[in-house]
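Undergrad: Model the following, please.
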Amino acid sequence: MTDLKIENINGGVIFSAKIVPGSSRTSISGVLNGMLKIKIIAAPEKGKANRSLVEFLAKQLGVKKNAISIISGQTSPIKQIRVLGVSTDALLKKLKK
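TA: Have a look, this model is predicted:
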């Protein structure tokens with residue numbers, strides 16, 4: 001996880017993620033080119049995969065869903081994700097679980 005590129009912002013962090021929708025299970029599968037690789041069960045249609053991603057990250061990180069936002073890449077597998085209320089250290093610890 002140390003290869004994950006994380007940008008600190010006021011009150012939170014921003015990181016990139018490569019999303020693989022339509023997987024057999026929802027899980028974090030490591031870091032790829034500085035991005036967090038996340039497999040999502042939901043299909044990439046009508047925002048289902050994005051909603052599933054936000055719910056999954058909220059549960060993993062112990063934050064409310066409204067603390068997580070996809071700031072770019074709404075229709076792309078590569079997304080910029082902002083998480084408020086989490087530090088870089090806390091993010092890394094919680095993602096390793």
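
Undergrad: can we go C-alpha only for contacts and neighbour counts from here?
TA: OK.

Undergrad: Can you show me the helices along this structure?
TA: 48-61, 88-96 (DSSP state H).

Undergrad: right, so these: which one is the most enclosed?
TA: Stretch with highest mean neighbour count among these: helix 48-61 (a mean of 18; mean count of other CA atoms under 10 Å).

Undergrad: which residues of the chain score low on pLDDT?
TA: 1-2, 97 (pLDDT under 70).

Undergrad: Now do the strands in it.
TA: Counting by DSSP state E, the chain has strands at residues 6-9, 12-20, 27-32, 35-39, 68-72, 78-84.

Undergrad: Could you say which one of the helices of the chain comes nearest to I28?
TA: helix 88-96 (7.9 Å; CA to CA).

Undergrad: quick one on the thing from earlier: same list (the helices of the chain) but as JSON lines, adding distance to K5.
TA: Shown next, in JSON lines, are the helices of the chain (distance: least, CA to CA, whole Å):
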{"stretch": "helix 48-61", "distance to K5": "17"}
{"stretch": "helix 88-96", "distance to K5": "10"}
